[in-house]
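> any chance you could fold what I've pasted below:
(one chain, ligands or ions: 1)
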Amino acid sequence: MSVSDWQTPMPRVAVIGAGISGLITARTLCDLGFDVTVFEKSRGLGGRTATRRVDPGLSFDHGAQYFTARDPHFVRQVMAWTEQKIVADWTGRIVTIDGTDVRLKTDQPHRYVGVPGMKAIAHHLGADLNVRLETRIVRLQRVGNGWQVTDAAGRCDGPFSHVLVSLPAPQAAELLGDHALAAEVRAIPMTPCWAVLAAFDGRVEVPWDGAFVHGSPLVWVARNSSKPGRDYSRDCWVLHASPEWSSAHQDVERDTVKATLLSAFTHITALAALNPIHLDVHRWLFSATPLSVDRLVLFDDDVGLVVCGDWLAGGRVEGAFLSGVAAADCLLRQVSISANKQLPT
Ligand SMILES: Cc1cc2nc3c(=O)[nH]c(=O)nc-3n(C[C@H](O)[C@H](O)[C@H](O)COP(=O)(O)OP(=O)(O)OC[C@H]3O[C@@H](n4cnc5c(N)ncnc54)[C@H](O)[C@@H]3O)c2cc1C
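Numbering: from 1, shown residues only. Next up is the predicted model:
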């Protein structure tokens, strides 16, 4: 049975944010017959599960690097994505580096990546959804029994019976304004992350493909071109600065960030100077939270408002998925409560 079989008007839902959490909710509700509109401020889907393609030979997963699956529900989903060839195992050699000490990681969980880039998961989830790209929502307003959303260009849309806010906590808090949920969301800090995207003509000759780094401005480096389904003609690397270094250098010139992180990379490889053929940088303002919230979703049943995002579920792609699933459940429950209220007694 789909929602359109119910004796109530089809619920209209606004989803703010097209990262993994928002897309999971939108996909679930759309498949059940809801009228869903997704609003996304950037030019593409996926949020922090991102891939930047510079030209056919150069692509970089500059946000999420890979993901793991522990929750049985997520494990089942990942198995399905694997069969559909949307994700694949990444069997790269992962080490830890501390000064000159390089050790193979002893715990080697199953690492999955989107194919041909991390973004593939979002493209799969978002296929045929009604998504308004380059639309930054700046205001949510209660109008009668519904919601109106307003974007940065002053355009309004609505009424929606329900709104899902699926954004990093600081951005969600800003949008929630003076709603009671905002205080809790505002208390969640998120740290920045500088990411450098570097490509080399020849192979960077180190016997590993990814490294957790200690005692350096860097915290993680990965040979993007060692992941399955990538173009292997160039050696593409992603270098992530630590939360501490990124916070302390948040407003530093981009050229300085590139030079410092490339030099830190050269240092940990113990190679002579590395000469990239492509060098770029991206700043993630809200990368991750050091706090654990473990609530999955926040909601206000009275007004049909739900908040989700990775930061509510332990961070990471798996957390975004679980929070998005919980948000869809929450919205379904809200819809059935209001449908019951309208039944004749
Ligand atoms: C550098 C980095 C490395 C990471 N590494 C890993 C990893 O290795 N493994 C792992 O599992 N996870 C990793 N993560 C975390 C993972 O990327 C996130 O957990 C996940 O992508 C979060 O999904 P989300 O839907 O909760 O939020 P997001 O992906 O942040 O989605 C929110 C969306 O909302 C949009 N938006 C924001 N404001 C507005 C607005 N006002 N109006 C409309 N749209 C708006 C944004 O553009 C974005 O698309 C990493 C993240 C970063 C940044």
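> secondary structure element holding F212?
Using DSSP states H and E, F212 sits in strand 210-214.
> what pairs with that strand, parallel or antiparallel?
strand 94-98 (parallel), strand 218-223 (antiparallel) (DSSP bridges).
> name the surrounding residues that touch the helix or strand just after the longest one.
The first helix or strand that comes after strand 218-223 along the chain, using DSSP H and E, is strand 235-241. Contacting residues not belonging to strand 235-241 are listed as 58-62, 65, 193-204, 217-225, 230, 249, 257, 261-262, 264-265 [CB atoms under 8 Å, 6 or more residues apart in numbering]. Using the backbone N, CA and C atoms, a C-beta is placed for each residue, glycine as well.
> got the angle between strand 235-241 and strand 210-214?
Orientation of strand 235-241 against strand 210-214 (axes from the mean of the first three to the mean of the last three CA atoms, to 10 degrees) gives an angle of 30 degrees.
> tell me who's in contact with P217.
Neighbouring residues of P217 by CB under 8 Å, 6+ apart: A241, S242, W245, T260, L261, A264.
> can you list these in TSV and add pLDDT?
Shown next, in TSV, are these (pLDDT from 0 to 100):
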residue	pLDDT
A241	98
S242	98
W245	98
T260	98
L261	98
A264	97
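> check these and tell me the two furthest apart.
S242 and T260 (12.1 Å; CB to CB).
> all helices of the stretch 1-150 of the chain, in order?
Using DSSP state H, counting those that start in this stretch, the helices of the stretch 1-150 of the chain run over 20-31, 72-83, 120-126.
> what packs against the shortest one?
In this structure, helix 120-126 packs against helix 20-31, with contacts taken as 3 or more CB pairs under 8 Å, 6 or more residues apart in numbering; DSSP states H and E.
> just the C-alphas of the helix it packs on, formatted as PDB.
Provided in PDB are the C-alpha atoms of helix 20-31 (Å, rounded to 0.1, in the frame of the first residue of the first chain):
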ATOM      1  CA  ILE A  20      23.300  10.800   2.600                       C
ATOM      2  CA  SER A  21      20.900  11.300   5.600                       C
ATOM      3  CA  GLY A  22      18.500  13.600   3.700                       C
ATOM      4  CA  LEU A  23      18.600  11.500   0.600                       C
ATOM      5  CA  ILE A  24      17.900   8.200   2.500                       C
ATOM      6  CA  THR A  25      14.800   9.800   4.000                       C
ATOM      7  CA  ALA A  26      13.700  11.400   0.700                       C
ATOM      8  CA  ARG A  27      14.200   8.100  -1.200                       C
ATOM      9  CA  THR A  28      12.200   6.100   1.400                       C
ATOM     10  CA  LEU A  29       9.300   8.600   1.500                       C
ATOM     11  CA  CYS A  30       9.200   9.100  -2.200                       C
ATOM     12  CA  ASP A  31       9.000   5.300  -2.700                       C
END
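> alright, calling it a day.
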